[in-house]
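Asker: Next come a sequence and a model predicted from it.
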Amino acid sequence: MALGAAISRAIPRRALSSAATSARSASSWWGHVEPAPKDPILGVTEAFLADPSPDKVNVGVGAYRDDNGKPVVLECVREAERRIAGTLNMEYLPMGGSVKMIEETLKLAYGEDSEFIKDKRIAAVQALSGTGACRLFADFQKRFLPDSQIYIPIPTWANHHNIWRDARVPQRTLRYYHPESKGLDFASMMDDIRNAPNGSFFLLHACAHNPTGVDPSEEQWREISYQFKVKNHFPFFDMAYQGFASGDPERDAKAIRIFLEDGHPIGCAQSYAKNMGLYGQRIGCLSILCEDEMQAVAVKSQLQQLARPMYSNPPVHGALIVSTILGDTELKNLWLKEVKGMADRIIGMRKALRENLEKLGSPLSWEHITNQIGMFCYSGLTPEQVDRLTSEFHIYMTRNGRISMAGVTTGNIGYLANAIHEVTTSS
Amino acid sequence: MASTVLSAPFPSAVDLRGRSPMIGVPKNGGDHLLLKGKGFGRVRMSVAVNLSRFEGVTMAPPDPILGVSEAFKADTNELKLNLGVGAYRTEELQPYVLNVVKKAEKLMLERGENKEYLPIEGLAAFNKVTAELLLGADNPVIKQGKVATVQGLSGTGSLRLAAAFIQRYFPEAKALISSPTWGNHKNIFNDARVPWSEYRYYDPRTVGLDFEGMIADIKAAPDGSFVVLHGCAHNPTGIDPTPEQWEKIADVVQEKNHIPFFDVAYQGFASGSLDTDAFSVRLFVERGLELLVAQSYSKNLGLYAERIGAVNFVCSASDVTDRVKSQLKRLARPMYSNPPVHGARIVANVVGDPTLFDEWKQEMEQMAGRIKHVRQRLYDSLSQKDKSGKDWSFILKQIGMFSFTGLNKAQSDNMTNKWHVYMTKDGRISLAGLSLSKCEYLADAIIDSFHNVS
């Protein structure tokens, strides 16, 4: 109908005649709203849940599962919740979030005895997990350096593109992944760093790169840091997997520590979604290392100013869990043990998956499964092969061939290996 | 600026010839902290490391509302009174965790539910009960699938999602907000880049509603504007339209093809009845109007810090609903991916369980009841102590957590500086932070500020 068509062209409301508006009860203001494409990652889980097959396997979203394929709530978290229960009210946190949680969180990234913490040079606010931290930074970057852009590694977590796009910061690509070796394309990466205009902003994954699992070596990080110094680039670290990569949070923070040693004033997004299993609590932190305490106070006030019209102040529950755990030696040690346990299980599954595929006599190389690190394995499977895995074998993963190793268990690993072998050897 | 960095002179540039490069960072403008970097051979260069990219960032002003609590905390005077932020307090002026919330949390702890990600749109059980609470479980629009509900980060987050949607799909449209309104409304529309203008609302002469002005300004706005209306217990004034006035507002909204955008932060807190307080929204829905509603559980369930609320779009058809919901998700994903689970589960457990729901209704009545008593006591104290014959009855006519006293900025400052009464500069006091025992003290302060300060 004519009115529907007019609405589809999204013409301003005031252009509609009164005759048209009297017929409006049959149509809608939102007629011109198209359905959004399904989120590539979260959409996988939706499809998985809808599948009735008893053999189905979900290696889509990056949420940890135990060896029975069940979600895990860490013991240290349960204990923290027991301690918190009924003791506290739910008054608004300050806009910047829980001070205690932030203190403990900064220690993880910057080091227990970090001079930057002592000197109060870090502007830090509690954020809505990693997403919220990245978004706050992107909005901050847009507001205070409106002409800046961000170099984002290819590939990266899909939502990074959404975040900087909605913050209206132009994006540039940083070459990263080398498909032939399924490893790091270090030479191209360094070229892009060198060729970028001085003072460019870069998004770097601190450890356990998502989706490839490919991290620079320590040597490579040092070279990257050095080149950043030469070019005066700004490094923004997204650290969503500290502890999850190697099992040791200190080791996983190595890249950040190298940059700090070299004197870079970094930005950092941290998340407790994976390493503390607090996915749904939306608990994380955004920090920016400043020149001095005064600047840190100013920057923090501006971050709060950005947060106020987004959500006013951040949710308390996850923050209480984190500060209860990290503030208690016994609970913290328990957490470290449990994180290592999760990382070890994943490392074990990587080994086993590779062995299985090699035993099946696969002509392809599967070295990359054990070379890569963290929750994800960039398998090298093509979208068509992934589609076959789903339609023929009820195995769910994102179409870029990313396998969430957290979804692999001793129970499904044989089935998974067989299926991968099948789709990579037949057509 | 960045491209000229290397050629500009830097106070701490260090010649790196010959040995491991040492990079100088001036600390506190004086000492040089030399940090060791990895040697890369014979490269000689001066490296600038000290100038921060964010050098030009100035200190943001304290938030006019949340900043009040911070100032209150810093005050050591024992007579101090915090009537700033709208957070409910008991008669002993303590924060209050509702019994039903404690029960719900206990149940949740016992069940030992996992902490997996919620879907982007939030907890399904929560979305269902929140729409029913707002519109009534039997409302035809719910049954017909015409309501798109997405869990949001309390009222603020829900408003922001809706504003972002407006910016994306109605880039020409304007938002109309009441004068005055909750301070953060302007920040939200500004940051979402939705232009706004004000409609008259508060009449300082009557300390009541400027109804004619309101209608005139809504009429004068371009067709198809988004009219932000407080569903009940207007913040900051406490002045609500009467049912008859709501009908007339709906008339003019319909006439101008405007889209009503309700902010419902106090359902239950105004009259004490959850259903009564939803009257305005339900009236507009009954008229067949499409509209938006932002809800918050911060006050009525005391879940302030859990950040639990929802944005609801009432659409004319169910297929439209699905598309709208998908686009709201697309806006939320790059903001926070998916909303926090804890508060959603509490609400779903309380509102979804008949026993707990009934208990909640009683606690709600008690909280609203305490505020009504306090209003009465404050009015009595003022009328008794003030010999000028000023009519203080507006205190009784206003509704909800707040009272708009009519005090101006200088007078409000006097309240704080002389009497240690903390409130916002627009003259708003939060009665939720007032106890019966402090009413007389407050009356003295108000009378002094009103008559002796201009």
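Answerer: Arrived safely.

Asker: how about the strand or helix carrying A:Phe140, does it get close to chain B?
Answerer: A:Phe140 belongs to helix A:129-144 when assigned by DSSP states H and E. Yes. In terms of C-beta under 8 Å from any C-beta of the partner chain, part of helix A:129-144 sits within range of chain B, namely A:129, A:131-132, A:135, A:144. For glycine as for every other residue, the C-beta is placed from the backbone atoms N, C-alpha and C.

Asker: Tabulate the residues you listed (JSON lines), appending pLDDT, distance to A:Gly97 and neighbour count.
Answerer: Formatted as JSON lines, these follow (pLDDT from 0 to 100; distance: C-beta to C-beta, whole Å; neighbours: other C-beta atoms under 10 Å in any protein chain shown):
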{"residue": "A:Ser129", "pLDDT": "96", "distance to A:Gly97": "12", "neighbour count": "29"}
{"residue": "A:Thr131", "pLDDT": "97", "distance to A:Gly97": "15", "neighbour count": "28"}
{"residue": "A:Gly132", "pLDDT": "97", "distance to A:Gly97": "10", "neighbour count": "28"}
{"residue": "A:Arg135", "pLDDT": "98", "distance to A:Gly97": "15", "neighbour count": "27"}
{"residue": "A:Phe144", "pLDDT": "93", "distance to A:Gly97": "21", "neighbour count": "16"}
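
Asker: got a markdown table for those, with distance to A:His394 too?
Answerer: Rendered in a markdown table, the data for the residues of helix A:129-144 next to chain B read as follows (distance: C-beta to C-beta, whole Å):
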| residue | distance to A:His394 |
| --- | --- |
| A:Ser129 | 30 |
| A:Thr131 | 29 |
| A:Gly132 | 34 |
| A:Arg135 | 35 |
| A:Phe144 | 49 |
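
Asker: still on that earlier bit, export only the CA atoms of the helix holding A:Phe140, formatted as PDB.
Answerer: C-alpha atoms of helix A:129-144 as PDB (Å, rounded to 0.1, in the frame of the first residue of the first chain):
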ATOM      1  CA  SER A 129      32.800  -6.600  30.800                       C
ATOM      2  CA  GLY A 130      35.100  -6.400  27.800                       C
ATOM      3  CA  THR A 131      32.500  -5.100  25.400                       C
ATOM      4  CA  GLY A 132      31.700  -2.200  27.700                       C
ATOM      5  CA  ALA A 133      35.300  -1.400  28.300                       C
ATOM      6  CA  CYS A 134      36.100  -1.300  24.600                       C
ATOM      7  CA  ARG A 135      33.000   0.800  23.900                       C
ATOM      8  CA  LEU A 136      33.800   3.300  26.600                       C
ATOM      9  CA  PHE A 137      37.300   3.700  25.200                       C
ATOM     10  CA  ALA A 138      36.100   4.100  21.700                       C
ATOM     11  CA  ASP A 139      33.700   6.800  22.700                       C
ATOM     12  CA  PHE A 140      36.400   8.500  24.800                       C
ATOM     13  CA  GLN A 141      38.800   8.300  21.800                       C
ATOM     14  CA  LYS A 142      36.000   9.800  19.600                       C
ATOM     15  CA  ARG A 143      35.300  12.700  22.000                       C
ATOM     16  CA  PHE A 144      38.800  13.700  22.800                       C
END
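
Asker: Tell me which helix or strand comes right after it.
Answerer: Moving toward the C-terminus from helix A:129-144, the next element (DSSP H and E) is strand A:150-154.

Asker: That following strand: partners in the sheet, and parallel or antiparallel?
Answerer: Strand pairing for strand A:150-154, determined by DSSP bridges: strand A:171-175 (parallel), strand A:201-205 (parallel).

Asker: what angle separates it from helix A:129-144?
Answerer: Orientation check (axes from the mean of the first three to the mean of the last three C-alpha atoms, to 10 degrees): strand A:150-154 against helix A:129-144 gives 140 degrees.

Asker: Quick check: which of the strands paired with strand A:150-154 is buried the most?
Answerer: Among the strands paired with strand A:150-154, strand A:201-205 has the highest mean neighbour count (mean count of other C-beta atoms under 10 Å in any protein chain shown), at a mean of 24.

Asker: could you give the mean pLDDT of that strand?
Answerer: Strand A:201-205 carries an average pLDDT of 98.

Asker: Surely B:Val281 touches B:Phe262?
Answerer: Yes. Counting by C-beta atoms under 8 Å, B:Val281 does reach B:Phe262; the two are 5.3 Å apart.

Asker: anything in contact with each of these two?
Answerer: B:231, B:291, B:293 (C-beta atoms under 8 Å, 6 or more residues apart in numbering or on different chains).

Asker: Relative to chain A, how far out is the first one?
Answerer: Using C-beta to the nearest C-beta, to the nearest Å, we find B:Gly231 at a distance of 19 Å from chain A.
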